[in-house]
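> 3D, please:
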Amino acid sequence: MKKPNTNSLKALKYIIIFSICLTSFSCKVNYSFTGITETPETFQVNFFQNNADLIEPGLDQLFTNALQDLIVNQTSANLVNTGGEVIYEGEIVEYRISPMTATAQNTAAQNRLTISVNVRYINTKDEEKDFEKRFSFFYDYGANDQLTGSIKDAAFEEILERLTQDILNASLADW
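Numbering: from 1, shown residues only. This next block holds a predicted model:
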């Protein structure tokens, strides 16, 4: 029978000790694929009133729910109605459809839906992190298409996903 190499045994011993140390001691650094470095215990999203010049019925509720859902899904914070550690409030300030590119006949080849929200973020534990900021995003669609049905659904999904992610990144991620 062949005698084991003492260098191999030493190396194995160090690997085992290192593994035990890694699993035994926890580190206080938060690693996240979303970039969120600090998660509050609770958060509150107040209703975002639609104050845009052009009112799209139901957009205010869609946006409020989308922001709540994103924070619930990407953090361990609990949604509360009052007394949140962090509070999101604001209003929808722009809902605009505008022509983007022109054809040779000077007609629109593409339209753009733009939605903007004004957000006030309040961190009750650290007021230096508070901010008020405008977030905006758009969706382009064909000029011959109507902003209804599946086109409207796709536009809202893309815009709300981007707006809410930008808000979350600005408030809780250390980018």
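
> where does the helix or strand where Ile97 lies sit relative to the chain's centre, distance-wise?
For Ile97, the host element (DSSP states H and E) is strand 86-102. Relative to its chain's centre, strand 86-102 lies at 16 Å (Cα atoms, centre = their mean, to the nearest Å).

> do stretch 109-127 as well
Per Cα atoms, centre = their mean, the centroid offset for stretch 109-127 relative to its chain is 11 Å.

> let's have the chain start at 201 instead
Shifting the count to begin at 201 puts that one at stretch 309-327.

> so where do the strands sit in this structure?
Ranges of strands in the chain, per DSSP state E, are 242-245, 249-250, 278-279, 286-302, 308-323, 331-342.

> so what does the strand holding Ile297 touch, helix or strand wise?
Here strand 286-302 touches strand 242-245, strand 249-250, helix 259-274, strand 308-323, strand 331-342, helix 349-372, going by 3 or more Cβ pairs under 8 Å, 6 or more residues apart in numbering; DSSP states H and E. No exception for glycine: its C-beta is placed from N, CA and C like everyone else's.

> buried sites along that strand?
By neighbour count with 16 or more other Cβ atoms under 10 Å, strand 286-302 contains the buried residues 286-293, 295.

> Quick one: mean pLDDT for it?
The average pLDDT within strand 286-302 is 93.

> How far does stretch 288-308 sit from its chain's centre?
Using Cα atoms, centre = their mean, the offset of stretch 288-308 from its chain centre is 23 Å.

> Please work out which residues outside that stretch touch it.
Here stretch 288-308 makes contact (Cβ atoms under 8 Å, 6 or more residues apart in numbering) with 243-246, 248-256, 259-260, 263, 267, 309-322, 332, 334, 336, 340, 343, 347, 367, 371.

> Of the residues you listed, which count as buried by neighbour count?
243-246, 248, 250, 252, 256, 259-260, 263, 267, 310-313, 315-319, 321-322, 336, 367, 371.
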